[in-house]
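>>> fold the following and give me the result.
(one chain, ligands or ions: 2)
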Amino acid sequence: MKTPVAIVGAGPAGLLLSHLLHLEGIDSVVLESRTREEIEATIRAGVLEQGTVDLLAQSGVGERMKREGFVHEGIVLRFAGASHRIALTELTGRSIMVYAQHEVIKDLVKARLDANGKLFFGVKDAALYDLDSPSPKVRFHREESVEEIEAQFVAGCDGFHGVSRPSIPSRHRQEFTRTYPFGWFGILVEAPPSTAELIYAHHERGFALVSTRSPQIQRLYFQCDPEDDVKSWPDARIWEELHTRLATRDGWTLAEGRIFQRGIIAMRSFVVEPMRFGRVFLAGDAAHIVPPTGAKGLNLAVNDVRVLARALVDYFKTGAEEGLKAYSATALRRVWRAEHFSWWMTSMLHRFHDDTPFHHRLQLAELDYVVSSRAKAITLAESYVG
Ligand code: RFL
Ligand code: PHB
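Ligands and ions are numbered 1, 2, ... in the order given. Coordinates of the predicted model:
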């Protein structure tokens with residue numbers, strides 16, 4: 001099989017890249033190791049930056065998002081028993097959209113299949129080679145047979161645990177990592193919203209976050225031990241922990257409901273440089289990870305493919321290679337900005353195992369500064385909206 005662009009991974013990065021190329025008349029093949037049902041049911045991100053929303057809408061996959069998503073114009077920082085609103089839109093002129101990642105996936109999969117896009121699910125043992133030659137290749141197993149794609153370019157959009165990044169010889173990449181000594185316990189709950197805007201809560205027992213999915217379904221997280229087992233958290237213990245961490249002095253209450261999904265997420269910061277080797281380009285989580293406190297991961301993936309799609313379109317239409325040559329540096333500039341923001345939000349809001357009362361007071365002083373200085377609030381807001 002031959003194709004201009006072989007894309008490994010049908011997450012937001014791979015699917016959107018394939019879609020954007022298709023709109024410019026460029027063919028691609030997307031290889032995904034999981035089934036369509038699995039990728040459409042995996043619960044992950046919820047917050048889309050305005051730039052992400054605009055790109056999805058402009059490229060014709062934003063109709064359901066506009067109908068079913070929720071525009072938010074602020075977030076709440078909660079600490080020392082009180083809430084403080086960060087007025088995102090007033091401070092930046094922009095807003096965010098709460099719309100689940102798996103809904104974005106459903107919209108993109110449908111768009112690709114409706115356009116007869118080549119999207120192969122359940123592909124096994126993908127292996128990349130000849131990456132620094134003019135015709136890089138991907139070999140894989142599909143329905144009992146071995147197949148090979150010869151491409152002009154390979155896009156590694158296969159997430160943090162994918163094969164693309166490790167296919168780049170280690171002497172040609174530099175990796176930067178930070179692992180946090182905590183994770184997030186995430187739940188989905190059948191309950192009405194307890195708040196009109198997301199609440200990021202700092203508490204001496206650890207961080208908590210109140211997010212939403214719909215008027216009937218809420219998404220809640222709280223900081224936990226990354227090695228913890230979901231089984232050690234019966235419902236009553238989860239609710240007690242959330243009530244404690246989210247309590248305010250003005251009697252705000254959290255609505256409880258049936259918990260129908262739960263899981264523990266590790267927290268890590270990671271970047272690989274450069275995001276290119278020969279004719280393979282890395283995009284999204286394959287190249288970088290942020291802790292979810294800044295809600296940036298999916299948005300970074302979208303930004304990478306926006307830049308990469310433009311560079312590939314330029315190349316295929318005019319032969320110009322400037323965009324491809326600049327891809328890594330252009331993407332990394334924004335990646336590091338988001339790495340810093342995500343690290344900062346994480347550091348300010350979580351309890352660290354080696355915390356001293358001194359450190360705790362410093363966190364409160366910084367939070368107080370953020371909610372009382374317009375300049376500092378703008379700093380947070382403009383990074384948050386993207
Ligand atoms: P993905 O989504 O991991 O997709 C990669 C795809 O590649 C497939 N794959 C392979 N396919 C073929 N062969 C192989 N060898 C393969 N290996 C893997 C996988 O099956 C998968 O389908 O990467 P992508 O496209 O780069 O997208 C990145 C985002 O998914 C990620 O950054 C976000 O989910 C992060 N994130 C958030 N980002 C936001 O912008 N806003 C948020 O509010 C937000 N909240 C979150 C988050 C991530 C979370 N978790 C679970 C880590 C909340 C959570 C809880
Ligand atoms: C979510 O709704 O899943 C969500 C919201 C905000 C974050 C992370 C995740 O910072």
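>>> quick one: is the one helix or strand Arg334 maps to near ligand 2?
Using DSSP states H and E, Arg334 maps to helix 322-349. No - under the criterion of C-beta under 6 Å from any ligand atom, ligand 2 is not reached by helix 322-349; the shortest gap measures 7.9 Å. Using the backbone N, CA and C atoms, a C-beta is placed for each residue, glycine as well.
>>> for that helix, buried residues please.
323-324, 327-328, 330-332, 334-335, 338-339, 341-349 (16 or more other C-beta atoms under 10 Å).
>>> show me what the very next helix or strand once past it is packed up against.
Next along the chain after helix 322-349, taking DSSP H and E as the criterion, comes helix 357-372. Secondary-structure packing of helix 357-372 (3 or more C-beta pairs under 8 Å, 6 or more residues apart in numbering; DSSP states H and E): strand 75-79, strand 82-86, helix 322-349, helix 374-385.
>>> now do the contacts for Leu209.
Each residue near Leu209 by C-beta atoms under 8 Å, 6 or more residues apart in numbering is listed here: 184, 198-201, 220-222, 293.
>>> one more: Arg219?
46, 186-189, 211-213 are the contacts of Arg219 under C-beta under 8 Å, 6+ apart.
>>> hmm, 7 Å instead?
Taking C-beta atoms under 7 Å, 6 or more residues apart in numbering, we find Arg219 in contact with 46, 188, 211-213.
>>> alongside ligand 2, which residues does the stretch 251-386 of the chain contribute?
Proximity of the stretch 251-386 of the chain to ligand 2 (C-beta under 6 Å from any ligand atom) is limited to residues 292-293, 295.
>>> change it to 5 Å
Within the stretch 251-386 of the chain, the positions near ligand 2 by C-beta under 5 Å from any ligand atom are 292, 295.
>>> contacts for stretch 148-163?
Residues outside stretch 148-163 that contact it (C-beta under 7 Å, 6+ apart): 1-9, 11, 13-14, 17, 29, 126-128, 131, 135-139, 164-165, 279-286, 289, 308, 312.
>>> swap that for stretch 259-273, please
43, 165, 173-180, 182-190, 224, 226, 228, 230, 235, 238, 282, 287-292, 332, 335, 339, 342-343, 346.
>>> coming back round to it: mind putting the helices and strands packed on helix 357-372 into CSV with mean pLDDT?
Formatted as CSV, the helices and strands packed on helix 357-372 follow (pLDDT from 0 to 100):
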stretch, mean pLDDT
strand 75-79, 98
strand 82-86, 98
helix 322-349, 98
helix 374-385, 98
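>>> out of those, which comes closest to Ser95?
The closest of the helices and strands packed on helix 357-372 to Ser95 is helix 374-385. By C-beta to C-beta, the value is 6.8 Å.
>>> how many residues are close by Ala115?
12 (other C-beta atoms under 10 Å).
>>> near ligand 1, which residues of the stretch 251-386 of the chain are found?
265, 284-285, 292, 295, 297-299, 301.
>>> circling back to that earlier point, just checking: which of the contacts of Arg219 also lie near ligand 2?
Applying C-beta under 5 Å from any ligand atom to these, those adjacent to ligand 2 are 46, 211.
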